[in-house]
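Engineer: coordinates only, sequence not included:
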């Protein structure tokens, strides 16, 4: 036979595009329009529907950026429309959509005159059904149209003004398209779905496979039968022609896919939070409407915050959602308050994501989610397996690791082992998208890409348009039906994440294991971008710790009222800011302006709560009392206690040539004439920390022009363009009774920098505060310390422990980690000696090593990434005033690093009161770090204490309550009793009621523990 395959395939593609698809709608009738333009921010539907609407022309420009236009759409159904068998009526509403990026342009939602939602209107889901039985011959509804600008601009990553309403301009963004009543030919629509499914499959099959050619010839026969001038007349016959190839059963060994509806809606990104709320309403209304049509459709919804918005702003829609949850169609998944970043949130904050998320799902729906669902976060902390398991969940799903630049993950289903040894069944869908359309190409890729063939046979495919694109569509459900059992295709069934995970666990018994963090080899700049947002996160995390501790003390010891509702509200607002495009700094200016306003308000309220609690607990008086919320003693005050400070020692300042020497008897620092750190010695070891011939406190300014994803990425070639900031404008010294400060002024590019290098009496660390008036664009500012340490790895704090990363680049996996995340501290060391560097708001770091030629010693350089200045999506990101605080502690081990991190982030809080306060709870081993003290969520008044093993070794210790206790038991993060073989009563006594609230713990490395103390 002559090979006309390509000719026939081209014929098919054009016939589908130009003949079949346009024939889905038989005829159109224009609708009558009127409109009301919202003068400012969006208003509730009840307010909008009471406004005066004026006549609106078709086909005109509308929508200044971020504005809202309400359309009133009315019309009569022409006689005979919708009466023929195989037809139905819809109103097509084209707001001026473009074909690409359905979630990144204008959107709409249709409302009935009684202010109830019908469904959303999206670029690829433009119809509003007409219920003749309900409406009769009259069509009457409203559309709330949102003129969200296209910030992405084709993903060129060029700076544009649309991310800030103040700069977005007033030019209309869209032009109204067709808004008309349409009669849909259901048979032609079904034919379109048949052809789309078969064509998609055919194009993925190898050319030498008979199945591909059988499909092609069946489709060719269909083309010969179809009348291009009257597709509707021959559509039924055309469907019969291809029915044979469409119903050939799948191969027995075909890959199995569980397809679950999904709509990844970023809680803020290229739109503000206020618009996310409306995006959720649009998508969820589409979802429940589609569920009304198809009882097999299952949708996975991951963010408790988004459903809380529906409860609060769209109560009628929320009732419908609850009904679908009860029916098993609308399935809450993930159990987190938002799909958070997992690199930067602190220990307790990461736990609270699960506590607040899972408790919301339990309280509102009676659902206890079993999976953690994070398809789009930018890497995954090695602490997550333990946190997920401690929240009572069993499984983990992610997708983003498929974006790795260099290395490909070796598995798609595996056990993920965390830093403490906890293992978690994890799936990484081989379809490589969380916005699948269930196309033939995507399904074939999922099967080909799956790396566990021969061991497992199933994978998950989340399908649906995200980010306001409207979620799953009826076309996607049609694709799922047609590929349920189709030769040459994976076998697709609609289901939930639970359906997938239970099946996968049963079929794949001896899973491979991935140990430690899942580092994303991309988006490394998110550890640094938008420093103001990151500072707000770190500050409020620690204020919440203080507030809960002192409120608990005031309640337990003085009977004060515990502000549970206020603390929960503030926690949830902080958790929202940890969403994976807010805290990482990858959103538009509007989002970060909102975040920083939120942080300021949270800070002010928490300061008031703390002040009130301390007044209740310590009284009011003239005695300056240190309220020490840290888990370590400080200035003579015990951990978690309050009492008078005790200053020890003093600081001497001398000159050595042009250098300034600071010495407090614990450490000695030499600052040269340029304000650089020439020497740093701890007196206990007598060892020099700064490498020979090098200088610490070195600011370096790099060119920062990533290939794409400006706010997200730092590319490795940035290192090849660097300016060392070594010139000082001035250097001077200030002294007081308890500290000496070297003040250095310099310029980094055109940005003024003032550094305060402080040595305090009795301190084991040197503090460096860097204030910058940042005016650079596309630059990266680093602060470096070259250390005389041969460190094979760095240790960086993460949630409930630390992670070790190689300092060498033996493999591509290690080389890819050229920028890493650390929480409050990073440590490098060799046996017997180390250096700890802590920070108050900096997450991005890099650690490199070099062997010196002249003496064979090793220089390990630790640098902190202070500031960036990307132009997209916020052209003014990070511009302005910043203060970034770090400390460097020579002669430090890991325990010192842990303590230093808390000291740097919990600044001394002085309350003038009357009474000291002993610790509410204490641990006799400093390796056991108390992370949170609070009252129980159930309002019982029980005290909850969360702690962890901090050193990465087996540790034992006594935990004792400083108040009368009836019983102590171990609980999970949701404060439910769990088995605890590692917990025994002190002195071997009975655990019921315990021995005066004293328990002995023997913990594995980095083990997380939550104890519940029932008060007497």
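Structural biologist: Noted; the coordinates are in hand. Everything numeric in this text was worked out from a predicted model, so none of it was measured.
Engineer: where does the protein dip in pLDDT?
Structural biologist: The chain contains residues with pLDDT under 70 at 1, 132-136, 987-996.
Engineer: so which elements touch the helix ranked longest in it?
Structural biologist: Longest helix in the chain, counting residues (DSSP state H): helix 589-618. Helix 589-618 is packed against helix 531-558, helix 564-577, strand 623-628, strand 641-644, strand 910-913, with contacts defined by 3 or more C-beta pairs under 8 Å, 6 or more residues apart in numbering; DSSP states H and E. (Glycine included, C-beta is placed from N, CA and C.)
Engineer: try it again at 7 Å.
Structural biologist: Under the contact criterion of 3 or more C-beta pairs under 7 Å, 6 or more residues apart in numbering; DSSP states H and E, helix 589-618 touches helix 531-558, helix 564-577, strand 910-913.
Engineer: direction included, what does the shortest one pair against?
Structural biologist: In the sheet containing strand 910-913, its partner strands are strand 623-628 (antiparallel), by DSSP bridges.
Engineer: gap between the strand it pairs with and the chain center?
Structural biologist: Averaging C-alpha positions (C-alpha atoms, centre = their mean, to the nearest Å) puts strand 623-628 37 Å from its chain's average.
Engineer: same check on stretch 917-934?
Structural biologist: A distance of 30 Å separates the C-alpha centroid of stretch 917-934 from that of its chain, computed with C-alpha atoms, centre = their mean.
Engineer: cool, and stretch 59-79?
Structural biologist: Using C-alpha atoms, centre = their mean, the mean C-alpha position of stretch 59-79 is found 36 Å from that of the whole chain.
Engineer: in it, which residues are buried?
Structural biologist: Applying a neighbour-count criterion of 16 or more other C-beta atoms under 10 Å, the buried positions in stretch 59-79 are 62-73, 75, 77.
Engineer: if we can go back for a sec, now do the longest helix of the chain against helix 564-577, angle only.
Structural biologist: Orientation note: helix 589-618 sits at an angle of 150 degrees relative to helix 564-577 (axes from the mean of the first three to the mean of the last three C-alpha atoms, to 10 degrees).
Engineer: give me the buried positions along helix 589-618.
Structural biologist: 589-596, 598-599, 602, 605-606, 609-610, 612-618.
Engineer: could you do stretch 220-238 as well?
Structural biologist: Taking 16+ other C-beta under 10 Å as the criterion, stretch 220-238 shows 220, 222-223, 226, 231-232, 234-235, 238 as buried.
Engineer: hmm, who's touching it?
Structural biologist: Contacts with stretch 220-238, where a contact means C-beta atoms under 7 Å, 6 or more residues apart in numbering, come from 8, 11-12, 15, 19-20, 23, 26, 185, 187-188, 191, 241-242.
Engineer: ok, now stretch 318-336?
Structural biologist: 284, 287-288, 291, 297-304, 310-311, 353-354, 357-358, 361, 365, 367, 369, 371-373, 391, 393, 496-497.
Engineer: quick one: it to chain centroid distance?
Structural biologist: Counting by C-alpha atoms, centre = their mean, stretch 318-336 is centred 22 Å from the centre of its parent chain.
Engineer: how long is that stretch end to end?
Structural biologist: When the termini of stretch 318-336 are compared using C-alpha to C-alpha, to the nearest Å, they are 19 Å apart.
Engineer: returning to that earlier point: quick one: which two of the contacts of stretch 220-238 are the most distant?
Structural biologist: Based on C-beta to C-beta, the longest span within the contacts of stretch 220-238 runs between 8 and 26 and measures 28.1 Å.
Engineer: count the neighbours of residue 183 for me.
Structural biologist: For residue 183, the tally of surrounding residues (other C-beta atoms under 10 Å) stands at 21.
Engineer: isn't it right up against residue 91?
Structural biologist: No - using C-beta atoms under 7 Å, residue 183 is not in contact with residue 91; the gap is 11.0 Å.
Engineer: buried residues, stretch 942-953. List them.
Structural biologist: For stretch 942-953, the buried set under the neighbour-count rule, 16+ other C-beta under 10 Å, comprises 942-952.
Engineer: measure that stretch end to end?
Structural biologist: Stretch 942-953 has an end-to-end distance of 30 Å (criterion: C-alpha to C-alpha).
Engineer: quick one: the strands in the stretch 351-500 of the chain?
Structural biologist: Taking DSSP state E, counting those that start in this stretch as the criterion, the stretch 351-500 of the chain contains strands spanning 371-374, 395-398, 413-417, 423-427, 458-463, 491-494.
Engineer: nearest to residue 120 among the ones you listed would be which one?
Structural biologist: The stretch from those with the least distance to residue 120 (C-beta to C-beta) is strand 458-463; that distance is 16.8 Å.
Engineer: can I get the helices and strands packed on helix 589-618 in a markdown table including distance to residue 377?
Structural biologist: Conversion of the helices and strands packed on helix 589-618 to a markdown table gives the following (distance: least, C-beta to C-beta, whole Å):
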| stretch | distance to residue 377 |
| --- | --- |
| helix 531-558 | 15 |
| helix 564-577 | 14 |
| strand 910-913 | 39 |
